[in-house]
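# Sequence unavailable; structure follows:
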Ligand SMILES: O=C(O)[C@@H](CO)OP(=O)(O)O
């Protein structure tokens with residue numbers, strides 16, 4: 001339909017137990033802290049207040065995104081909407097860094113290596129061994145992936161595995177005129193935002209997504225943002241929270 005616009009809402013999960021402890025998380029399935037639950041409910045209240053009404057939800061297979069979406073939608077009075085979940089929306093697999101303290105990694109390997117692992121576009125941490133306590137090998141939710149299940153990922157890998165889901169399931173819902181809510185993770189959402197806004201491989205390093213604050217995109221008929229960068233429903237809180245994410249590993 002000519003002139004058709006689409007509404008896409010991105011929501012990063014609220015604070016997780018490992019965000020609080022400052023540990024690299026990736027595919028480890030940790031739950032939300034009480035603060036994270038509160039952030040999720042606040043995000044839902046912001047949605048309600050804005051008048052935006054998600055018609056369909058897409059989440060990763062990780063509990064922190066699922067729980068965040070559930071709490072936010074309950075608050076917004078829309079728990080009933082249909083849901084689609086995919087590993088393609090999962091957080092970046094953090095390889096051998098999963099379970100490690102960010103400040104300790106920074107201290108041991110230095111600022112440059114730490115930031116290369118955290119924010120470079122195409123350099124992944126070393127792979128995580130299958131017998132590591134934080135490995136997902138053998139986790140039934142990834143059974144269908146077989147040997148293709150990642151053991152580490154860089155942001156480029158995340159973008160490449162996320163795109164088919166964006167191009168397929170999400171665009172399909174948007175094309176049907178549905179308001180789509182995507183509840184996912186810091187790095188899977190960075191990948192999606194990079195794609196939507198055409199951010200360069202270098203510039204994406206500086207972009208951080210805050211927890212629990214809905215980021216709304218209005219897209220034109222070619223899925224190009226009419227509001228580049230999207231619009232946070234609470235821009236002030238989003239800026240402060242994103243700065244805190246950027247500085248993780250620098251304290252304690
Ligand atoms: O640990 C992780 O999985 C991510 C998100 O919490 O961290 P970072 O912001 O360092 O990429």
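Now that the structure is in, tell me what you want to look at. Quick caveat: nothing in here was measured; it's all calculated off a predicted structure. Numbers count the residues shown, from 1 in each chain.
# Residue numbers of the stretch 1-150 of the chain in contact with the ligand?
19, 24-26, 91, 94, 118 (Cβ under 6 Å from any ligand atom). In this view, the C-beta of every residue, glycine as well, is placed from N, C-alpha and C.
# Could you single out the nearest of those to the ligand?
Nearest to the ligand among these, counting by Cβ to the nearest ligand atom, is residue 25 at 3.6 Å.
# sorry, back to before: now rank the residues of the stretch 1-150 of the chain next to the ligand by neighbours and give me the top one.
residue 91 (27 neighbours; other Cβ atoms under 10 Å).
# Look at that one and tell me its secondary structure.
The three-state label for residue 91, taken from DSSP: H, G, I helix; E, B strand; the rest coil, comes out as coil.
# Can you show me the helices along the stretch 151-252 of the chain?
For the stretch 151-252 of the chain, helices defined by DSSP state H, counting those that start in this stretch occupy the ranges 155-165, 171-175, 186-197, 235-246.
# among those helices, which is the most enclosed?
Highest mean neighbour count of the helices of the stretch 151-252 of the chain: helix 186-197, a mean of 22 (counted as mean count of other Cβ atoms under 10 Å).
# Let me know the angle separating it from helix 235-246.
120 degrees (axes from the mean of the first three to the mean of the last three Cα atoms, to 10 degrees).
# what angle do helix 186-197 and helix 155-165 make?
70 degrees.
# Does the ligand have contacts with helix 186-197?
Yes - using Cβ under 6 Å from any ligand atom, a contact is recorded between helix 186-197 and the ligand, made by 186-187.
# so where's the protein shaky on pLDDT?
1-2, 251-252 (pLDDT under 70).
# change it to 50
For the chain, residues meeting the criterion pLDDT under 50 lie at 1, 252.
# Now the stretch 51-200 of the chain against the ligand: closest residue?
residue 186 (3.9 Å).
# which one is that residue nearest to, not counting chain neighbours?
Leaving aside its sequence neighbours, residue 186 sits nearest to residue 209 (Cβ to Cβ, 6 or more residues apart in numbering; 5.2 Å).
# Residue 12 is in contact with the residue of the stretch 51-200 of the chain closest to the ligand, correct?
Yes - taking contacts as Cβ atoms under 8 Å, residue 186 lies within contact range of residue 12: 5.8 Å.
# overlap in contacts of those two?
Here residue 186 and residue 12 have residue 209 as joint contacts, going by Cβ atoms under 8 Å, 6 or more residues apart in numbering.
# how about the strands in the chain?
Along the chain, the segments classed as strands by DSSP state E run 6-12, 56-59, 83-85, 180-184, 215-219, 231-232.
# Longest helix in the chain, please.
The longest helix of the chain (DSSP state H) is helix 34-50.
# same for it, what does it pack against?
helix 63-75 (3 or more Cβ pairs under 8 Å, 6 or more residues apart in numbering; DSSP states H and E).
# The helix it packs on - contacts with which helices or strands?
Using 3+ Cβ pairs under 8 Å, 6+ apart, helix 63-75 sits against strand 6-12, helix 34-50, strand 56-59, strand 180-184.
# circling back to that earlier point, wait, which of the strands of the chain is closest to residue 76?
If you check each of the strands of the chain against residue 76 by Cβ to Cβ, strand 180-184 wins as the nearest, at 9.2 Å.
# just how off-centre is the closest one within its chain?
9 Å (Cα atoms, centre = their mean, to the nearest Å).
# the inter-axis angle of it versus helix 63-75?
Here strand 180-184 runs at an angle of 140 degrees relative to helix 63-75 (the same axes, to 10 degrees).
# Find the centremost residue of the chain, please.
residue 185 (1.8 Å; Cα atoms, centre = their mean).
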